[in-house]
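*Asks:* Predicted model and sequence follow; I will ask about them next.
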Amino acid sequence: MALKIVKGSIDRMFDKNLQDLVRGIRNHKEDEAKYISTCIDEIKQELKQDNIAVKANAVCKLTYLQMLGYDVSWAAFNIVEVMSSSKFTYKRIGYLAASQCFHESTDVIMLTTNQIRKDLSSPNQYDTGVALTGLSCFVTPDLARDLANDIMTLMSHTKPYIRKKAVLIMYKVFLKYPESLRPAFPRLKEKLEDPDPGVQSAAVNVICELARRNPKNYLSLAPLFFKLMTSSTNNWVLIKIIKLFGALTPLEPRLGKKLIEPLTNLIHSTSAMSLLYECVNTVYIDVNTPPLPSLSLSLCLYLSLPPQLCVQKLRILIEDSDQNLKYLGLLAMSKILKTHPKSVQSHKDLILQCLDDKDESIRLRALDLLYGMVSKKNLMEIVKKLMLHVDKAEGTTYRDELLTKIIDICSQSNYQYITNFEWYISILVELTRLEGTRHGHLIASQMLDVAIRVKAIRGFAVAQMATLLDNAHLLTGNMQRMGICEVLYAAAWICGEFSEHLENPMQTLEAMLRPKVATLPGHIQAVYVQNAAKLFATVLKSQEGNTDSTAAQETSQLMIDRLPLFVQSANLEVQERASCILQLVKYIQKLQQKDVEVAEEVSALFAGELNPVAPKAQKKVPVPEGLDLDSWINEPPSESESEDEQPKAIFAKEEPKHSRPRREEVDEKELAKRREARKQEQANNPFYIKASPSSQKVYQEAPGVEHIPVVQIDLSVPLKVPGLPMSDQYVKLEEERRQKERAEKKKKEKKKRKEKRSGRGKKHDSGPESEEDITPAHQVDIVTEEMPEKSSKHKKKKQKKEKEEKEKKKKKKHHHHHHHSDGGGEEAVQNGTVEEEEPLPVSVFFCFLPLTKVYDIQGNLQDGSQVVVSVIFENKCDSFLKSMEFNVLDSLNSKLQRPEGSGPHDGLTVPFQLPPGVSNEARFVFTVQSIIMPQKLKGTLTFIVKDSSTHEKLDFKLHFTCTSYLITTPCYSDAFAKLLESGDLKCSSVRLEGVNMPFHHLLARICFHHHFSVVERIDSCASMYSRSIQGHHVCLLVKVSAQTVSIDAKCDEPTLLGNVLDEIKQTFSQC
Amino acid sequence: MIKAILIFNNHGKPRLIRFYQYFAEDMQQQIIRETFHLVSKRDDNVCNFLEGGSLIGGSDYKLIYRHYATLYFVFCVDSSESELGILDLIQVFVETLDKCFENVCELDLIFHMDKVHYILQEVVMGGMVLETNMNEITTQVDVQNRMEKSEGGLSAAPARAVSAVKNMNLPEIPRNINIGDINIKVPSLSPF
């Protein structure tokens, strides 16, 4: 025995310590993982020893491995053991390991409470210190509750080392156990005046963190902080205090005035840049936040530093060669921008200069600033500068950032700053030339928005879009990368919708029907097809006017030649639209051959104007009776966001005032405020037109669309040259236009003055033009006349006139049989059956049951989470069925895939109608997460019986068996053997009694119904294989002996296997 | 609050990681990788601030870092910390390391990760700044090291002898990866 111990301890001498481990890892660069796994084995051995030194050494090594990414939570208990050692060395190791890998769900933390308490009250201050440090990292609500008192006592420990740690950790305790804040607060406040600067700093730290979450409650401490600020010399503390005041001043305006003097003193006396920065930041930013604009002004006057000068100071920072100061200067600028945009705007040059900086952080900051700096005057210039940067930028992320910023800047507050929309359109067109951008859809939506809302621009936009379509092949390089080809969506739509503006519609039509289009994503092709039809209508109209009718016929022929390409499309929508339109064109051709004029009727298909919705439209919808939109649905949240953090004792006097009695009044104010805020928001949202008078004001000068001062653009400028950036020209044009306008204005004013002989208009004619003087060249469509309540787009799609079938066969036959249609019926039973909802509703809906459905579920091999369900609908009644809608109640695991934009409960329209006696198949795609369990989905099919035109409903269940997730996959016997040997597969078996069929029938049945394939067959024994859509292997060994079949099966997913076997068993019990 | 402190070398190998908010180990490694990716592609003469990575934090968080010779010291902090203050703090931390290890180099951090942790614990506690005075920090570290020594350290005498034997046939470890110019321009240090 003794010998064993000696031997053991000698062995232990050869244990690796941390340095050996690190060295070892460095010497095993090639097989590091393997080496570490042997080390972990060794560590596990070491942890089994009784010797605490050995354990501590092992835990120390584990801490290192944790840093390398190894999960060491399995050693949590050993860590606790080491923590509880009496030696400081080991204890420290234990606490370090715990702080690195313990977290709230580590269960051994429960065991540590008493140990930590013991350490906290240890006579050795470093034991206590180590415990506090460790605890600060893994404190849980339970620990916080149990130890709060002990820590509070430590806050008045004799040693400052312990006091400061105890004060700091209180913040963590407050977070986890908010109830402790109230009793601890007086002591915390006391610590603000602790003789030790470290403790003082810790207390300031904690209170600043608390105040950040809920500044109101700490206002009462302001005088104390004020004193600290004037007396403290610790920069760290000063910075924290100034930050705290930054949060407090918006709540108590008088504070701001008081702060001026000490802050100015600090600004003048401090040598530390970091502190200077915080001072500047606080004086001009935090004090200036919205509630105190007047104060901020007086403050600035008082300091003889108007905001300009403050910004001037920041300018010094930004111009500094130190990149850090530059960054911070910009950061502070962006805060001032919110309150004093004007004073920042004068430094545009500087900000633009920062865009050239090599540092991305600084460039991003500058971009942020630019957003707030644009005006009507400088927009073009700024954007021009940005466009230059777009060309220069090398990283795609930065370029994308630039692109979104350009669009943001231009479109902000309802295109407020854009004076010339042609310029904007050409900017957008230029942006499409960016390679590999992700923001194609953004550009596209801007194009659509502008083209629809700015009527005056349509002609120009259409011309540009036509060029884009024509040159689509130039984009094809990056077309496939989903990004930029979205633009073509907008281009095609605009060209189609506003085709009357097209100069050469025929050419565009041809461009839209090029075979290359078929490589575009489906939704874009669909738009192409639809708009090709619109264009077709326009072309016909122009050609029929001519005497020569062959041109029109040729156009039809072109459509008939090209459309079949789209009819073959894999995308359902493209296919559907294309075949509709193809039939239509064929019909038109027939008419043309008989010399019938069709152009009018064809264009009637697409007649009507797409109008924006008036904001007042909503008002016309009557509010249902008894609905009060202003009443609270739930009780409003209480005043403070987190009551738990209020140290109630301190503010006991104030509280009652704030609560109940005032609520109603507050609510009303609050409501008004919110309404105002909402209006404000809507005003800035381009989709809410004419939301509030304030947003209208800008445009009131020029009321109707007719009065828009549209610029006569010199058309000698080659507007249509593709591939040539031309937005620059607009800058010049714009200048000229403004000059002209100004001149005109002057003239008018002169006249006025002559007439009136009064000098009142004086300030207008001299000096720089003000913002309002710049009138936009185009008007965003702000419709002032009464708008239709609904967006009315009347597009009469050809509706098949099936009115001939109007014979009334009212009574339906009652089909009471459980529907197996003869053909697919057999299979359907196996893969899943449609079950009617059980007894109760039977009587209700059986009388309407004109339908049978049979379905087949199939996994999608390409995508491990998709299952395609093909449903055959057969109409067994004598009436015509239409408007069938298929809907399934999604479960957590499986969801019916619905087209984008539809809600989770919307049904899918079955894409056909069913005449009596006809059957057709529809496919639905489901996404399935886990495939290891079978499941049933409930669903309903709604449809309209033509004659009665009532909605009928049919409930059904879809049974997703596990088998349906299997896919017949051939497997060679050697691969099969390897698979079985690999040992990853779990085993299971089943016995079937009384199966009375030849062996090969039995195998065929399994193959057919359960998607297996036979790997090998020897006499009455066979091995079979199948794979699930998520790649699980399923192997079967089937043996038969005298009516008893035994199936041994292996699979890497035991649940799946069990279910598959159950299903096989069921198959055979049915026969 | 400081959310995390990461030290890694020019190749992204972690030398010390200290998260003040729980992340699972694989997430921690991902964060290190992402941070390294963000920081390493920046020149030495650009600013030391980086608007946070996607994994850690979000918009309120910033990465504040310093690059010394072979090592990056990265602090991930929220807006309650002063940017320049944290830069100073990193400098204080590194200078403290330099004092405690006597001319610190990457190898010291590699082989004595535990000691680096103990020093850091005297500077930052639970994500909050505990002490910024270098003398105070070194004093506390020294006292604790002495205590450890008086207890015989982690590896008692015999084990140490064995360790020496194991050391003998190992290649000489180069100690030339000095951090070098430690007096990189810092806006303010003196008053701390």
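*Replies:* Structure's in. What do you need?
*Asks:* and A:His103, what does it touch?
*Replies:* Contact analysis of A:His103 by C-beta atoms under 8 Å, 6 or more residues apart in numbering or on different chains lists A:138, B:22. To be clear about C-beta, it is placed using only N, CA and C from the backbone, and glycine gets the same treatment.
*Asks:* now do the one 5 residues further on
*Replies:* In this structure, A:Val108 makes contact with A:76-77, A:79-80, A:102, judged by C-beta under 8 Å, 6+ apart.
*Asks:* And the buried ones among those residues, selectable in ChimeraX?
*Replies:* A single ChimeraX command selects the buried members of the contacts of A:Val108 (16 or more other C-beta atoms under 10 Å in any protein chain shown):
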select /A:76,79,80,102
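*Asks:* and the contacts of A:Val108, which of them are in helices?
*Replies:* Those of the contacts of A:Val108 mapping onto helices are A:76-77, A:79-80, per DSSP state H.
*Asks:* would you turn those into a markdown table with distance to chain B and pLDDT?
*Replies:* Formatted as a markdown table, the ones in helices among the contacts of A:Val108 follow (distance: C-beta to the nearest C-beta, whole Å; pLDDT from 0 to 100):
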| residue | distance to chain B | pLDDT |
| --- | --- | --- |
| A:Ala76 | 13 | 92 |
| A:Phe77 | 18 | 92 |
| A:Ile79 | 14 | 93 |
| A:Val80 | 18 | 93 |
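*Asks:* Can you say which two of the contacts of A:Val108 are spatially most distant?
*Replies:* Using C-beta to C-beta, the pair of these lying farthest apart is A:Phe77 and A:Phe102, separated by 11.4 Å.
*Asks:* can I get the ones in helices among the contacts of A:Val108 in JSON lines with distance to A:Met933?
*Replies:* Below are the ones in helices among the contacts of A:Val108 laid out as JSON lines (distance: C-beta to C-beta, whole Å):
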{"residue": "A:Ala76", "distance to A:Met933": "34"}
{"residue": "A:Phe77", "distance to A:Met933": "36"}
{"residue": "A:Ile79", "distance to A:Met933": "39"}
{"residue": "A:Val80", "distance to A:Met933": "39"}
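*Asks:* So for the host helix or strand of A:Leu210, mean pLDDT?
*Replies:* Element membership for A:Leu210 (DSSP states H and E) is helix A:197-213. Across helix A:197-213, pLDDT averages out at 89.
*Asks:* contacts for whichever helix or strand comes after that helix?
*Replies:* Downstream of helix A:197-213, the next assigned helix or strand under DSSP H and E is helix A:222-231. With contact meaning C-beta under 8 Å, 6+ apart, helix A:222-231 is reached by A:189, A:192-193, A:200, A:204, A:237-238, A:241-242, A:244-245, A:248, A:252, A:255, A:258, A:262, A:266.
*Asks:* same for chain B: which of these are within range?
*Replies:* Residues of the contacts of helix A:222-231 in contact with chain B (C-beta under 8 Å from any C-beta of the partner chain): none.
*Asks:* Quick check on the residues you listed: which are buried?
*Replies:* Buried, going by 16+ other C-beta under 10 Å: A:189, A:192, A:200, A:204, A:237-238, A:241-242, A:244-245, A:248, A:252, A:255, A:262, A:266, out of the contacts of helix A:222-231.
*Asks:* is it true that A:Asp408 touches A:Asp368?
*Replies:* No - with contact defined as C-beta atoms under 8 Å, A:Asp408 does not reach A:Asp368; the gap is 10.3 Å.
*Asks:* circling back: is it possible to get CSV of the contacts of A:Val108 that adds distance to A:Ile494?
*Replies:* Shown next, in CSV, are those (distance: C-beta to C-beta, whole Å):
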residue, distance to A:Ile494
A:Ala76, 64
A:Phe77, 69
A:Ile79, 67
A:Val80, 70
A:Phe102, 61
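*Asks:* Now A:Val945: closest residue in space that isn't a chain neighbour?
*Replies:* Nearest residue to A:Val945, sequence neighbours excluded (C-beta to C-beta, 6 or more residues apart in numbering or on different chains): A:Ser879, at 4.9 Å.
*Asks:* Checking that neighbour next. Helix, strand or coil?
*Replies:* Assigned by DSSP: H, G, I helix; E, B strand; the rest coil, the conformation of A:Ser879 is coil.
*Asks:* So what's the residue count around it?
*Replies:* Applying other C-beta atoms under 10 Å in any protein chain shown, we find 22 residues neighbouring A:Ser879.
*Asks:* Roughly how far does it sit from chain B?
*Replies:* 58 Å (C-beta to the nearest C-beta, to the nearest Å).
*Asks:* my read: that residue touches A:Gly917, true?
*Replies:* No - the pair A:Ser879 / A:Gly917 is not scored as a contact, 10.6 Å apart, by C-beta under 8 Å.
*Asks:* show me where the chain has strands.
*Replies:* Looking at chain A here, since you left the chain open. All strands of chain A, identified by DSSP state E, fall at A:851-859, A:866-875, A:881-888, A:894-896, A:908-909, A:919-928, A:935-945, A:951-960, A:966-967, A:986-992, A:1013-1018, A:1021-1028, A:1033-1041, A:1044-1051.
*Asks:* look at chain B instead
*Replies:* With strands called from DSSP E, chain B shows them at B:2-9, B:14-19, B:49-51, B:62-68, B:71-77, B:124-125, B:128-129.
*Asks:* weakest of the ones you listed in terms of mean pLDDT?
*Replies:* For those, where the average pLDDT is lowest is strand B:49-51, sitting at a mean of 85.
*Asks:* wait, does that one contact chain A?
*Replies:* Yes - against chain A, strand B:49-51 shows contacts by C-beta under 8 Å from any C-beta at B:49-51.
*Asks:* Just checking: what are the partner strands of that strand?
*Replies:* strand B:62-68 (antiparallel) (DSSP bridges).
*Asks:* Next, the angle strand B:2-9 makes with the partner strand.
*Replies:* Note on geometry: by axes from the mean of the first three to the mean of the last three C-alpha atoms, to 10 degrees, strand B:62-68 and strand B:2-9 are set 30 degrees apart in direction.
*Asks:* Using CSV, write out every CA atom in strand B:62-68.
*Replies:* Listed next in CSV are the C-alpha coordinates belonging to strand B:62-68 (Å, rounded to 0.1, in the frame of the first residue of the first chain):
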residue,chain,number,x,y,z
LYS,B,62,-16.7,49.4,-29.9
LEU,B,63,-13.4,47.6,-30.2
ILE,B,64,-10.5,49.6,-28.9
TYR,B,65,-7.2,48.1,-29.5
ARG,B,66,-3.5,48.6,-29.5
HIS,B,67,-0.8,46.8,-31.4
TYR,B,68,2.5,46.1,-29.8
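*Asks:* the inter-axis angle of that strand versus strand B:71-77?
*Replies:* 160 degrees.
*Asks:* For strand B:62-68, buried residues please.
*Replies:* B:62-68.
*Asks:* Distance to A:Val990 for those - can I get that in JSON lines?
*Replies:* Formatted as JSON lines, the buried residues of strand B:62-68 follow (distance: C-beta to C-beta, whole Å):
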{"residue": "B:Lys62", "distance to A:Val990": "61"}
{"residue": "B:Leu63", "distance to A:Val990": "58"}
{"residue": "B:Ile64", "distance to A:Val990": "63"}
{"residue": "B:Tyr65", "distance to A:Val990": "62"}
{"residue": "B:Arg66", "distance to A:Val990": "66"}
{"residue": "B:His67", "distance to A:Val990": "65"}
{"residue": "B:Tyr68", "distance to A:Val990": "67"}
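*Asks:* Return the residues in contact with B:Phe19.
*Replies:* B:Phe19 sits in contact with B:3-4, B:28, where contact means C-beta under 8 Å, 6+ apart.
*Asks:* all helices of the stretch 251-400 of chain A, in order?
*Replies:* Ranges of helices in the stretch 251-400 of chain A, per DSSP state H, counting those that start in this stretch, are A:253-269, A:273-281, A:293-302, A:307-319, A:323-339, A:341-345, A:348-354, A:360-373, A:379-392, A:396-415.
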